[in-house]
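>>> fold the following, please.
(one chain, ligands or ions: 1)
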Amino acid sequence: MSDTKARLLVARKFPADVMARALADYDCIVNEADDNWTGADVIARAGDVDAILTSARTKYPAEVINGLPANVRMLATFSVGYEHIDLEAAKARGLVVSNTPDVLTEAVADVTILLLLAASRRAREGFEMLAGDKWLAVGGWKPTQNLGTGAQGKVLGILGMGRIGRAAAVRARAMGMEIHYHNRSRLAPDLEQGAVYHDTPQSLLKVSQFLSIHCESTPETHHLINAEGIALMPEGAIVVNTARGDIIDDDALIAALETGRLAAAGLDVFNGEPEIDKRYYTLKNAFILPHIGSATVETRNAMGFRALDNLDAFFKGEEPVDRLA
Ligand code: DGY
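I've put the predicted structure just below:
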């Protein structure tokens, strides 16, 4: 990089080590309040910066991209997901965009298994049973108490067999699960690792005693898990989502959880989050987490460093390794 530091709009407060590196290497304007800036908030602050380091909480549709001042040349998102950025608009405007793949794969796969086990072993009900001495009141341990669904020998359907889907498969295989998957294209045998390929999501749903969602949020995957899809699944199946909330139709999932058509769900992501469907708050067979898939110190640091690596490359005149546009 040249002696003059590039100017960077830091649209969230990122972990301390990431902030330290950003502040050392760039001339930064930081969102000290760490609130959710809208596109208009970003545009209002971008008059004097060369690039923006953002999170997925700010949306960049075409009108925001086109509203950015001409001095903004790069947008680095601190996320693997990039559905919040209109890449076609960015390409048309000549705005370079990067994301942070790879570094969060293992952390999200860990949370996938956390949700799978918590949902199938009824962890929420167990936890709630202890509160207020309810367990004591029912006389403690019973042979028929809180019986869940075992994972061993069951089919785990993986919808979207990218990096995270494959890392979840590694873990699930170690638990004795049989892996099936649907992906836009079939994987090579060394990546498949014996997993059974289904050429349609519907074919996968029919065999999925457990389903784990790892596909991208696109117009094609919007509400892919809807009433028709759930009706295809085996009775008492379990659904896990660590990808994006809008892949699930909440009305259909909640109806199936209420009737027991689906035994349980483990969800880390939600439609319209953080304003989620409030019925999840009281559904005892929904184990819910607040989008913590990548939330470890190690992973969030790695995401920030990866975003800064991309910015550094751009300002050195090199190709950012995770360039999307
Ligand atoms: C990601 O990296 O896409 C996470 O879901 C955070 O937005």
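
>>> now stretch 64-78: mean pLDDT?
For stretch 64-78, the mean pLDDT works out to 98.

>>> so is that stretch next to the ligand?
No: contact of stretch 64-78 with the ligand is not found when judged by Cβ under 6 Å from any ligand atom; the minimum separation is 7.3 Å. In short, each C-beta sits where N, CA and C put it, glycine included.

>>> pull the CA atoms of that stretch into CSV?
As requested, the backbone C-alpha atoms of stretch 64-78 are provided in CSV (Å, rounded to 0.1, in the frame of the first residue of the first chain):
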residue,chain,number,x,y,z
VAL,A,64,-27.9,2.1,-2.5
ILE,A,65,-25.0,0.9,-4.7
ASN,A,66,-25.9,3.6,-7.2
GLY,A,67,-26.3,6.2,-4.4
LEU,A,68,-22.7,5.6,-3.1
PRO,A,69,-20.4,8.5,-4.0
ALA,A,70,-17.9,7.8,-6.8
ASN,A,71,-15.0,7.8,-4.4
VAL,A,72,-16.1,4.5,-2.9
ARG,A,73,-14.3,1.8,-4.9
MET,A,74,-14.7,-1.3,-2.8
LEU,A,75,-17.2,-3.0,-0.5
ALA,A,76,-15.9,-5.8,1.7
THR,A,77,-18.5,-7.7,3.6
PHE,A,78,-17.8,-9.4,6.9
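
>>> ok, residues contacting it?
Contact with stretch 64-78 is made by 9, 12, 14, 39-40, 42-43, 46-56, 60, 84-86, 89-90, 93-100, 303-304, 307-308, 310-311, 314, 320, as judged by Cβ atoms under 8 Å, 6 or more residues apart in numbering.

>>> could you pull out the helices for the stretch 51-200 of the chain?
For the stretch 51-200 of the chain, helices defined by DSSP state H, counting those that start in this stretch occupy the ranges 62-67, 87-93, 105-120, 123-130, 134-137, 163-174, 189-192.

>>> taking the stretch 201-325 of the chain, what residue is nearest to the ligand?
With Cβ to the nearest ligand atom, the shortest gap between the stretch 201-325 of the chain and the ligand falls at residue 294, namely 5.3 Å.

>>> next up, identify which helix or strand that residue is on.
Using DSSP states H and E, residue 294 falls within no helix or strand.

>>> do the same with the one 10 residues further on
Using DSSP H and E, residue 304 maps to helix 297-315.

>>> rewinding a little: name the nearest residue to the residue of the stretch 201-325 of the chain closest to the ligand, ignoring sequence neighbours.
For residue 294, the nearest residue in space outside its immediate sequence neighbours is residue 104; the separation is 4.0 Å by Cβ to Cβ, 6 or more residues apart in numbering.

>>> still on that earlier bit, show me which of the contacts of stretch 64-78 neighbour the ligand.
Contacts with the ligand are made by residue 56 out of the contacts of stretch 64-78, judged by Cβ under 6 Å from any ligand atom.

>>> find the centremost residue of the protein, please.
When Cα atoms, centre = their mean is applied to the chain, the residue found nearest the centroid is residue 243 (3.7 Å).
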